[in-house]
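*Asks:* have a look at this fold, sequence not included:
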């Protein structure tokens, strides 16, 4: 067993709530922090939804496991209270520099000596914040995927300053609450997953936005070569969701391919295409989440507007 | 039916022999050309090996289909003879500018008016050779994958000068001899397949050569996310083969990641690792071609020599 029994998750948004709930479900004492009562209220709703998913997914587990897990979560909007006993903190607040800087500055004043701090950041390097924490040797990244009860992997990445013992503790703690740790030896933007998968999606998008071929052909090629139908570029875009993809692509203002992709994703969002979230993406999905065919987003003629 | 009944394949190396044999097996009259008697002799051996593979793979087809297909192939080292009745020529000669230039120059003098010319090039743009053929409107690319009896896809790509009717004929002819055509609207280096897959392999390699993580971790992540085990970066490296990968990586002299990958692939080749071809790659394979575990290439400590 690691020394991590008390886990604090900072931020109770989509992923923060999932992490808190999954850790509690697997036996950790969890404090779920967010900034005010409205946010805590919203988080309660998320815990309920997650509980529903567990009932559907972990069919071999007793209902009590969910109830007991839920009871191991304490909610608070008081940061000092949230962290006072924490063995491990997982920071899952919005990906904005000011918000993270401000939070780390406050934490540095509040944390007990023992506390390990992990960031769930996707877009920043943990080393950007290491000094701010006042404990760079106890700071690292733990990067979770969405739907963590199904995709139960966490990428664990040190900065150049992380103590190897701290890294080891983070790996053990993650395993204890049901995660498969993916260990990185050193800092790398995109970790392992995004380093592999983002170009896969972006090159699929590029073939389409440049008019080299159509969505159906990209998907057909991917299906033939991968010998499956789940891991095609545009199926993955649907899973990632167009809100996220649009934010990423529209930010790359110096990249023409990204700008064209952003233009098309904007049309999608304006026309109520969100991806698998609402069953309308490059594919249309039935109530079981199975694709029934390509949507108008995928098949309409974009060339005339380009 | 397309107007393509007589097909000439120029070059009877690994892929050229496969294209000739598969087209003949599926009913086309094929001329297989190579530069001299030794090369033709070697091609005969290739046809025999391919026939063996067909017997194993197309178990529901009669033996006569193979014999009859083989009989539809005429071999010659006389270029004028090879092309005199050709409806479609597929050029599959070595990827060297001088060889291709020389060949296209000769062809321009020899070809009947009707002949369509397709290049199987992976590394050049067809537009580089279009003028040389003397018939740019009848010239395009048809890019085949390895093991075409199994991976029966062909990428069909026009240059800016290809006549749309010629493109259509190439697509129909490919379907007639058992291929699934992947149609590109315009020229793009890497076609669809390599545009999608090369970065997948290269980013897997980079995570390893930079020491960010190990082969086992890259493979684990890819298996979890793709929900399968066939389409992981290092399994694909094994399929591509280290001779090819080494040639590609060692050529990128201005890329540090490629140079480090080339160094490791050189060690592999020096130690008789070829990939799935001889059952020794990043994985070791049993007699049925199933991986039994990672090899020393994948697991040895490279950092001390870097």
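*Replies:* Here it is on my side, so go on. Since the model is a prediction, treat every value here as computed from it, not as a measurement.
*Asks:* now stretch A:38-56: buried residues?
*Replies:* Using 16 or more other CB atoms under 10 Å in any protein chain shown as the test for burial, stretch A:38-56 gives A:39-40, A:43, A:46-47, A:50-51, A:54. C-beta coordinates here come from the backbone N, C-alpha and C atoms, glycine included.
*Asks:* any idea how far it is from the chain center?
*Replies:* 16 Å (CA atoms, centre = their mean, to the nearest Å).
*Asks:* so residue A:3 touches residue A:116, yeah?
*Replies:* No: assessed by CB atoms under 8 Å, residue A:3 is found out of contact with residue A:116, at 9.1 Å.
*Asks:* what's the overlap in contacts for the two?
*Replies:* A:87, A:169 (CB atoms under 8 Å, 6 or more residues apart in numbering or on different chains).
*Asks:* out of the two, which sits in the busier spot?
*Replies:* residue A:116 (27 against 12; other CB atoms under 10 Å in any protein chain shown).
*Asks:* pull the contacting residues for that one.
*Replies:* Residue A:116 neighbours (CB under 8 Å, 6+ apart): A:4, A:87-89, A:138-140, A:166, A:169-170.
*Asks:* equivalent analysis for residue A:43, please.
*Replies:* A:12, A:16-17, A:20, A:32, A:34, A:75.
*Asks:* for residue A:126, give its distance to residue A:118.
*Replies:* 8 Å (CB to CB, to the nearest Å).
*Asks:* find the residues that touch each one of those two.
*Replies:* With CB under 8 Å, 6+ apart as the test, residue A:126 and residue A:118 both reach A:139-141.
*Asks:* could I get those as TSV with pLDDT?
*Replies:* Converted to TSV, these look like this (pLDDT from 0 to 100):
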residue	pLDDT
A:139	98
A:140	98
A:141	98
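*Asks:* intersect the residues you listed with the contacts of chain B.
*Replies:* Contacts with chain B are made by none of the shared contacts of residue A:126 and residue A:118, judged by CB under 8 Å from any CB of the partner chain.
*Asks:* check contacts around residue A:147.
*Replies:* Contacts of residue A:147 (CB under 8 Å, 6+ apart): A:18, A:53.
*Asks:* kindly recompute the last result at 6 Å.
*Replies:* Residues counted as contacts of residue A:147 (CB atoms under 6 Å, 6 or more residues apart in numbering or on different chains): none.
*Asks:* now, which of the buried residues of stretch A:38-56 sits nearest residue A:131?
*Replies:* residue A:39 (28.1 Å; CB to CB).
*Asks:* excluding chain neighbours, give the residue nearest to the closest one in space.
*Replies:* residue A:12 (6.3 Å; CB to CB, 6 or more residues apart in numbering or on different chains).
*Asks:* top helix in chain A by residue count?
*Replies:* Across chain A, the longest stretch assigned as helix under DSSP state H is helix A:37-57.
*Asks:* quick one: mean pLDDT for that helix?
*Replies:* Mean pLDDT, computed over helix A:37-57, is 96.
*Asks:* centre of the chain to that helix, how far?
*Replies:* Mean C-alpha position of helix A:37-57 versus that of the full chain (CA atoms, centre = their mean) differs by 16 Å.
*Asks:* next helix or strand past it?
*Replies:* Next in sequence after helix A:37-57, counting helices and strands by DSSP states H and E, comes helix A:63-71.
*Asks:* which other residues reach that next one?
*Replies:* A:24-25, A:51, A:54.
*Asks:* returning to what we had before: who has more neighbours out of residue A:126 and residue A:118?
*Replies:* More crowded of residue A:126 and residue A:118, by other CB under 10 Å: residue A:118, with 27 against 24.
*Asks:* how about the nearest residue to the more buried one, chain neighbours excluded?
*Replies:* residue A:142 (3.9 Å).
*Asks:* can you pull the contacts of residue A:120?
*Replies:* A:92, A:143-144.
*Asks:* from residue A:157, how far off is it?
*Replies:* If you go by CB to CB, the gap between residue A:120 and residue A:157 works out to 11 Å.
*Asks:* strands of the stretch 151-300 of chain A, start to end?
*Replies:* A:153-158, A:180-183, A:283-285, A:291-294 (DSSP state E, counting those that start in this stretch).
*Asks:* find the nearest non-adjacent residue to the residue of the stretch 1-150 of chain A at minimum distance from chain B, please.
*Replies:* Residue nearest to chain B within the stretch 1-150 of chain A: residue A:145 (8.3 Å; CB to the nearest CB). Nearest non-adjacent residue to residue A:145, counting by CB to CB, 6+ apart: residue A:151, 4.2 Å away.
*Asks:* which residues sit against stretch A:183-190?
*Replies:* A:125, A:127, A:156-157, A:159, B:211-213.
*Asks:* mind listing what's buried along it?
*Replies:* A:183-185, A:187-188, A:190.
*Asks:* one step back: the longest helix of chain A vs helix A:63-71, what angle?
*Replies:* Using axes from the mean of the first three to the mean of the last three CA atoms, to 10 degrees, the inter-axis angle of helix A:37-57 relative to helix A:63-71 is 160 degrees.
*Asks:* where are the low-confidence patches of chain A?
*Replies:* Residues of chain A that meet the criterion pLDDT under 70 lie in A:304-306.
*Asks:* how about the residues of it near chain B?
*Replies:* A:153, A:182, A:184-186, A:188, A:192-193, A:195-196, A:199-200, A:203, A:207, A:211-213, A:217, A:221, A:224, A:226-228, A:230-231 (CB under 6 Å from any CB of the partner chain).
*Asks:* now, of those, which are buried?
*Replies:* In the residues of chain A next to chain B, the ones that pass as buried (16+ other CB under 10 Å) are A:153, A:182, A:184-185, A:188, A:192-193, A:195-196, A:199-200, A:203, A:207, A:212-213, A:217, A:221, A:224, A:226, A:231.
*Asks:* in the stretch 51-200 of chain A, what residue is nearest chain B?
*Replies:* For the stretch 51-200 of chain A, CB to the nearest CB, closest residue to chain B: residue A:199, 4.0 Å.
*Asks:* these two touch, right, that residue and residue B:199?
*Replies:* Yes: between residue A:199 and residue B:199 there is a contact at 4.0 Å, judged by CB atoms under 6 Å.
*Asks:* what's the farthest-apart pair in the buried residues of stretch A:38-56?
*Replies:* A:39 and A:54 (22.4 Å).
*Asks:* who's in contact with residue A:163?
*Replies:* By CB under 6 Å, 6+ apart, the neighbours of residue A:163 are residue A:137.
*Asks:* now do it against residue B:82, distance only.
*Replies:* For residue A:163, the distance to residue B:82 - CB to CB - is 70 Å.
*Asks:* so after the host helix or strand of residue A:118, what's the next helix or strand?
*Replies:* Residue A:118 belongs to strand A:116-119 when assigned by DSSP H and E. Moving toward the C-terminus from strand A:116-119, the next helix or strand (DSSP H and E) is strand A:139-144.
*Asks:* and that following strand, what does it pack onto?
*Replies:* strand A:116-119, strand A:153-158 (3 or more CB pairs under 6 Å, 6 or more residues apart in numbering or on different chains; DSSP states H and E).
*Asks:* picking up where we left off before, from the buried ones among the residues of chain A next to chain B, which land in helices?
*Replies:* A:193, A:195-196, A:199-200, A:203, A:207, A:217, A:221, A:224, A:226.
*Asks:* and which of those is nearest residue A:260?
*Replies:* residue A:207 (11.8 Å).
*Asks:* my guess is that closest one contacts residue A:217. True?
*Replies:* No: if you go by CB under 6 Å, residue A:207 and residue A:217 don't touch, sitting 8.0 Å apart.
*Asks:* hmm, back to that, how far away is the residue nearest to residue A:145 from residue B:26?
*Replies:* Counting by CB to CB - residue A:151 and residue B:26 are separated by 43 Å.
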